[in-house]
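*Asks:* pasting a predicted model and its sequence here:
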Amino acid sequence: AGGDAASESSGPKALDELVVGFAQVGAESGWRTANTKDIQASFEDAGIELKFSDAQQKQENQIKAIRSYIQQGVDYIAFSPVVETGWDAVLNEAKAAGIPVVLTDRAVDSKDTSLYVSFLGSDFIEEGKKAGQWVLDEYADATEPVNIVQLEGTTGAAPAIDRAEGFADVISENENLQVIASQTGDFTRAGGKQVMEAMLKANPDIDLVYAHNDDMGLGAIEAIEAAGLVPGQDIKIVTVDAVHDGMQALADGKINFIVECSPLLGKQLVDIITTLNEGGTVEPRIITEETTFTQEQAIEALPDRQY
Amino acid sequence: MLFVLFVVNLIAFPGFFSITIKDGHLFGSLIDILRNGAPTLIIAVGMTLVIATRGIDLSVGAVAAISGAVACAIILGSPNPGSPATVAVAVLVAIGISLVLGVWNGFLVAVLGIQPIIATLILMTAGRGVAMLITEGQILTVNSPPFKMLGSGFWLGLPVAVIIAAVLFAAAALLTRRTALGMLIESVGINPEASRQAGVRARGLLFGVYTFCAFCAAIAGVILTANTAAADANNTGLFIELDAILAVVIGGTSLAGGRYSLAGTLVGALVIQTLVTTVYTVGIPPIATMVFKAAVVTIVCILQSPRTNQALGSFRRSLAVRAGKGAAAS
Amino acid sequence: MTATLEPTSVAPGGPDRQDGKPAVAARLRSALRVLISPKYGPVLITLALFVLLFIVGGVRYTNFFSAQVLLNLFVDNAYLIVLAVGMTFVILTGGIDLSVGAVVALSGMIAASLLQAGWGPEVVIPLILVLTSVLGLLVGLMIHVFDVQPFIATLAAMFLARGLCYVISQSSISITDPTFVQLAVTRIPLGGGASITPSVIIAVVVVAIAVWVLHRTRFGRTVYALGGSEQSGMLMGLPVARTKVLVYVVSGFCSGLAGVLFTFYTLSGYPLTAIGTELDAIAAVVIGGTLLTGGYGFVLGSVLGVLVLGLIQTIISFEGTLSSWWTKIFIGALLLVFIILQRVLTTRRR
Amino acid sequence: MTDTAPVVEMRGISIEFPGVKALDGVDFRMFAGEVHSLMGENGAGKSTLIKALTGVYGIDGGTIVLGSEEVSFSGPAQAQAAGISTVYQEVNLLPNLSVAENIMLGREPRRFGSIDWRATRRRAAELLAGLNLEIDPTSLLGDHSLAVQQLVAIARAMDINARVLILDEPTSSLDADEVAELFRVIRSLKEQGVAILFVSHFLDQVYEIADRLTVLRNGRLVGEYRTEEILRIDLVQKMIGKELASLDDLEKRSRAVVEGDEDARAARFLDAEGIGRKGKVQPVDLPIAEGEVVGLAGLLGSGRTEVARLIGGIDRPDSGSIELRGDGVKLRTPRQAIAHRIAYSSENRRDEGIVGDLSVRDNIVLALQADRGWFRPIPKKRQEELAQSYIQALNIRPADPNALVRNLSGGNQQKVLLARWLAIAPRLLILDEPTRGIDIGAKAEIQKLVVNLAENGMSVLFISAELEEVLRLSHRVAVMRDRRMVADLVNDGLGVEELMALIAEGSGDEDNPGEAASASPTPPAGPAPADPEGALR
Ligand SMILES: Nc1ncnc2c1ncn2[C@@H]1O[C@H](COP(=O)(O)OP(=O)(O)OP(=O)(O)O)[C@@H](O)[C@H]1O
Ligand SMILES: Nc1ncnc2c1ncn2[C@@H]1O[C@H](COP(=O)(O)OP(=O)(O)OP(=O)(O)O)[C@@H](O)[C@H]1O
Ligand SMILES: [Mg+2]
Ligand SMILES: [Mg+2]
């Protein structure tokens, strides 16, 4: 791939001479911020200069950022695409300039895989599946219908779409499991709360809530409690992410199950860069190892949770 | 209009109007609408006065985020988050800071004479940054019952947020209509030069309205954060400026400034919130939500337009004529 | 905030009554007026400040002071320039158009989905331009016939366009159509390694046409008239209604075109793109010295406004070390400094 | 009556506004090649009738025939296309565009579809020259005084080669010379067979130019007369529907004041020394005594308004000092002036005076309220009293304190503005063209009011394009020319000619070429003390 070519030509550099440009999506959620922090910290430790730019959730800004990295002549470019599509043009420019590109957190859909060296991140569909699997097992011996409501992420956002898809796939195996309502809570607590309030009014007997991230789940908890019900018992809650507050709620038994989606990509990213720098090759697709948490696991994991 | 939406709900979901008593407080969709609508309403009240002076304030969302962040940060920092005193201090500081921001806006507009939309756009952008700076991009979760009260608590069976909104609304109405404030604000909005020559102190008024608007934003920010007991610098009050402005305009106040109606704003805010809640209760699929909103807003406006009213009012030939006069008179 | 205009200190006609040759005096004065008038003042100041800002950047960052960096302002903002042009028409009449961002996204989605369905660009692009113009027409009619305030009418259009995006597809669709790809990657060299994209040329053409229309056609002048006083315009027998509706058609068309340029830029349609872009466009126009109350302003000013915003972005990315929040604060700060300088200088000159 | 068929014939025109029946079955006709004058009090329905004809308002009843075919225009554009060119009452132009554009907009000469600016400017310059107004066509309209703007509006109307020309109070802020110019033009158009509708509250002008009169009262037709067949006194009676007694009375009293006794003017109230503003007015000295009425005379653009604005605190003087009762004060803002009970009533009531969307009541109490501060609201009851008393005193119609001012007729708006300033009980009242567009009856009322107030110690600075008015009311007359004060003389039986001479003196070749000056018909010999019509000008 283009990456190797570039690194061979330039040969191994001293780490402190390396300059890496990182184009972040933005800081739209706690998860994202944790992700940014971790990456910055990791490069700090590795003694590699990291140029950071925040695209404020706008693809055009990210493209601009990448362009300016190319102008500034950085050695490597890493970025978390705001959206999968539409990167060919700018990635071609990077390739032309002989700058290897690493994708983090989200993939791009371009046919030409030579445009980037490696993708490092999570598989949202897989996350959805994990969540679905737990639900499937939980209600394996359910006889009467189980009413599920889904709190979707921002409409149109990749994680929202994939997590819904994966989940739907799995639960379809048991026709008792029905998603009776599904609304977007925009990945926020306030959103999750407001939507849940409304759903509780409209649908008297909800058995389970599947939220696309912890924050919406936490919002839902508020709503459920306000309705005089007990989250985790009257209504079970499954979420994705495993940020600190979520884990806390899980430990307290307000959430029943969390699928991890780790923001801690820094370490691995640094590894990739250094490997490339030494002229090595890396896997084109590296999925971060992610687990799932039940209450017990949460309780022991909680103490040493950095984010 | 509100009525139309209510009917929609009633059909789609009979339980809509049912208000029951759960653990000693009112409970039901209408209560939700009021509670969730409170922050928008509060901001819209401030926005109404700003708009009456031919201005506009885009920074309210950011200010709300800042005040929320400040309040939570202080509560987190304090030894005993649970004590009402701490909360009081936190809220007061938050409001204090927002007042400063309001004065800042007022300064840009009244003293430097920068166009309001740009003047406040600056704070809209930078303000969020500041809020995130305070929270360091994290969501600050506070565990403080008295604070939570402000957002989702109840008092005498009524949501505290609603009570606050009601008080603020009443206060604003009295302040502007019982004193000459309203009239002076309007005159500045209608004809600035004439007002100046009549000795109206436009500068002071501008400072006043922008500061008051920031004050409203601060309170709304506190309620929003207290609602989930967490300060989310990114999302607190995101796009709320649009809702607020929309509420004002639906309420019949012209963005060109001049005559304003707080009552109208109240209706506007309720319409918007009802709309949102309707989407959730009726279960309109997220992908269709926007289209639905578009339809509703369009219908509202067309229903409100004088021409439609005449058409509905009577079928006299001379009606088109009247419209002509209206236009000419303006 | 108010559009009140102070008389130029030179009493018009005053002096030329003393000196015998009013013609000369007149020419002299109008030349002078160009510099001091509240009309041209802001634009010129803006230009000067833009150059200043660019120099500052050049001094501060390595590799900044290159033709390409300057050209990239156009490359990256071609679509925004087109948007700002349309927005200028609307704002000059004292209106506002909040729908542009959503319309950009919508035309992107339409393009992507239709191309995916195998339609040819030669059909798709015109179709988009027609559709968006029609949307503009509807908005215009809503504003004129039912005298709905532009703010709401266009907000409704914004909701509609955004909604239709989701209806077309929730997820993003990439564009593989050879023509589009070509247009996306083509680089027109200007020598010295510097190059631009076809989009830039389109944008420049649009600007040129807009300038001509606004200053050399009756429609254009009527646009200014509306901003001055709709009432007077009506009594002067100007085609107020037609013009008022047309500006929204223009804005719709520009949004559509901008959308197409944006797809050249991103080669994809994505329901969530261009959120808040309407604010950028409005900001650009206002920074360019156009009064939101209408009547005063220039397309070229708006172009400058876009470049200023772009420059701020570039500086940010060259700065490179800013955390997310400092980025926001920095943008705000730069904007502030710029606006205040602009304001202070223009009032001085007046 | 002429044998030829009328160009315009309106029959049974009725227009009703919410609450007001503005026109009630009015018949009206105009013939080619005649000047027809529409007469009536403020609020009689003149402007409304005009707007009905040009399609600004649709009519609720009646028919309009233009030439031979019946028409109903949907707007001024159509009316223009049909050959009706109109100058509406308030100046309706675009301050943000150049003078040239304001004249040519919509009719600019074009080359290959694009406007030919040079030609446009040339044409505009010609039209301005036609009115003998020498201003730079490229200058912004907004920079010019109201008078100039009014002339520009007329120039615009001239350009359309129309068969009907409508002028609604075109002379309200012009003075003798400009009026003369205008009349010259009107006459030549009349020669060419254009039918001209001329609205004015100045009887002299009407009698000078009009062939035929139509009188309206309260939206009803009173009658149509040939000018030479009706006496002024009868005409006035038909317009206001009451006897002239009250006017006679004023006549005597104002005379009395002009002969006024010295001690009334003993104590200086205001003493302006060398106040001026670069590019606007050269420094002037202007002392005003208590109870003194000082007239400010001058040609259009001579700087009267500027001086007034400096004293009223609207503009800041960049030289000179002002003393009130001997101690120096700074009048930087209107607020400060008002705090000293100095009130300036602008000549431009629409842009600088009334607040259109507020009620008559609010407009009347505005200045008073602003001065008290917002936290000390004037009690509703008091407001009501104030409003009512002034509505009575100035006979504002409709007599409804809640009516929106923008719906009032021009003259009534002017009265409301006046009421606002009287309401603050000023010690010095600066009136810039206070009787602009005000009908005879009301004008007399206002003059009477001024006289009364002066007798009770209020000082007045009085600006009017109408020299007779100035002379009748003022004890002293200061004369402005080319932004300089050229004379300041006690008015003991000063005559109009003398004053005219002072004003025009030496300025003939600067302000307006000789022929214009000579053409300027100084209105018929100044008022003989007994002449009741003196008050009517
Ligand atoms: N748009 C309107 N809405 C309500 N009432 C109106 C409107 N326009 C005019 N009127 C009323 O119609 C009547 C006639 O007004 P009009 O302007 O024709 O009087 P006028 O004869 O022109 O008076 P003036 O000499 O002061 O110009 C007035 O009583 C006025 O209040
Ligand atoms: N005839 C004119 N030609 C050019 N400019 C003029 C003319 N008349 C007035 N102006 C401009 O209008 C401004 C106001 O003049 P001003 O009103 O003080 O004079 P005035 O004596 O009050 O005349 P008016 O009768 O128009 O009120 C001045 O700055 C002057 O430059
Ligand atoms: Mg009139
Ligand atoms: Mg004047």
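*Replies:* Ah, there it is. Numbering: from 1, shown residues only, chains lettered A, B, ... in the order given. Ligands and ions are numbered 1, 2, ... in the order given.
*Asks:* which ones are touching the residue nearest the centre of chain A?
*Replies:* Centroid-nearest residue in chain A: A:C261, 5.4 Å away (criterion: C-alpha atoms, centre = their mean). Contacts for A:C261 were tallied using C-beta atoms under 8 Å, 6 or more residues apart in numbering or on different chains; they are A:W31, A:S122, A:F124, A:E127, A:P159, A:V240, A:D241, A:A242, A:E290. For the C-beta atoms, the positions are set from N, CA and C on the backbone; glycine is no exception.
*Asks:* now go through those and say which are in strands.
*Replies:* A:V240, A:D241 (DSSP state E).
*Asks:* just among the contacts of A:C261, which is most surrounded?
*Replies:* Within the contacts of A:C261, most neighbours by other C-beta atoms under 10 Å in any protein chain shown means A:V240, with 31 neighbours.
*Asks:* tell me the spacing between the residue nearest to the centre of chain A and ligand 2.
*Replies:* 71 Å (C-beta to the nearest ligand atom, to the nearest Å).
*Asks:* returning to what we had before: tell me which of the contacts of A:C261 is nearest to D:L131?
*Replies:* Using C-beta to C-beta, A:P159 is the member of these that lies nearest D:L131, at 72.8 Å.
*Asks:* gap between that closest one and ligand 4?
*Replies:* Noted for A:P159: a distance of 70 Å to ligand 4, by C-beta to the ion, to the nearest Å.
*Asks:* which stretches of the stretch 201-350 of chain C have low pLDDT?
*Replies:* C:347-350 (pLDDT under 70).
*Asks:* where do the strands sit along it?
*Replies:* Under the criterion DSSP state E, counting those that start in this stretch, the stretch 201-350 of chain C contains strands at C:268-269.
*Asks:* got the residues of it near chain B?
*Replies:* Taking C-beta under 8 Å from any C-beta of the partner chain as the contact definition, the stretch 201-350 of chain C meets chain B at C:231, C:234, C:279, C:282-283, C:286-287, C:291-293, C:323-333, C:335-336, C:339-340, C:343-344, C:347.
*Asks:* report how many residues lie close to B:M47.
*Replies:* Neighbour number of B:M47 under other C-beta under 10 Å is 32.
*Asks:* quick one, what contacts the nearest residue to it once chain neighbours are set aside?
*Replies:* Spatial nearest neighbour of B:M47, chain neighbours left out: B:A244 (4.5 Å); criterion: C-beta to C-beta, 6 or more residues apart in numbering or on different chains. When contacts are counted by C-beta under 8 Å, 6+ apart, B:A244 touches B:T40, B:I43, B:A44, B:G46, B:M47, B:V60, B:A269.
*Asks:* can you tell me the SS state at B:A244?
*Replies:* helix (DSSP: H, G, I helix; E, B strand; the rest coil).
*Asks:* per-residue pLDDT of it, please?
*Replies:* Looking at B:A244, its pLDDT is 96.
*Asks:* next: A:P204.
*Replies:* 82.
*Asks:* what does B:I74 give?
*Replies:* pLDDT for B:I74: 96.
*Asks:* that one - how many residues pack around it?
*Replies:* Count around B:I74 with other C-beta under 10 Å applied: 20.
*Asks:* about what we covered before: could you dump the contacts of B:A244 into TSV and include pLDDT and secondary structure?
*Replies:* Shown next, in TSV, are the contacts of B:A244 (pLDDT from 0 to 100; DSSP: H, G, I helix; E, B strand; the rest coil):
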residue	pLDDT	secondary structure
B:T40	96	helix
B:I43	98	helix
B:A44	97	helix
B:G46	97	helix
B:M47	97	helix
B:V60	97	helix
B:A269	94	helix
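*Asks:* out of those residues, who's nearest chain C?
*Replies:* Nearest to chain C out of the contacts of B:A244 is B:M47 (C-beta to the nearest C-beta; 12.1 Å).
*Asks:* how about residues contacting stretch B:192-199?
*Replies:* Residues contacting stretch B:192-199 (C-beta under 8 Å, 6+ apart): B:54, B:184, B:187-188, B:202, C:1-2, C:4, D:312, D:314, D:333-335, D:337-339, D:344, D:346, D:351-355, D:366-367, D:370-371, D:420.
*Asks:* name the nearest residue to whichever residue of the stretch 151-300 of chain A sits closest to ligand 3, ignoring sequence neighbours.
*Replies:* For the stretch 151-300 of chain A, the residue closest to ligand 3 is A:Q194, as judged by C-beta to the ion, at 56.6 Å. Nearest non-adjacent residue to A:Q194, counting by C-beta to C-beta, 6+ apart: B:N36, 5.7 Å away.
*Asks:* if we can go back for a sec, ChimeraX command for the buried members of the contacts of stretch B:192-199?
*Replies:* A single ChimeraX command selects the buried members of the contacts of stretch B:192-199 (16 or more other C-beta atoms under 10 Å in any protein chain shown):
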select /B:54,184,187,188,202 /C:1,2 /D:312,314,333,334,335,337,338,344,346,351,352,353,354,355,366,367,370,371,420
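*Asks:* check for me that D:E9 belongs to a helix.
*Replies:* No. Counting by three-state DSSP, D:E9 is not found in a helix; it is strand.
*Asks:* may I ask you to confirm that it is in contact with D:V65?
*Replies:* Yes. If you go by C-beta atoms under 8 Å, D:E9 and D:V65 touch, sitting 4.4 Å apart.
*Asks:* how about B:I284, what does it touch?
*Replies:* B:I284 touches B:T278, B:F292, counting by C-beta under 8 Å, 6+ apart.
*Asks:* ok, A:I286 next?
*Replies:* A:S118, A:F119, A:L120, A:G121, A:Q268, A:I272.
*Asks:* what about the third one, how many neighbours?
*Replies:* The criterion is other C-beta under 10 Å. On that basis, A:L120 has 23 neighbouring residues.
*Asks:* list the strands paired with the helix or strand hosting it, with their directions.
*Replies:* A:L120 is part of strand A:118-121 when elements are defined by DSSP states H and E. Strand A:118-121 has the following strand partners under DSSP bridges: strand A:101-105 (parallel), strand A:285-287 (parallel).
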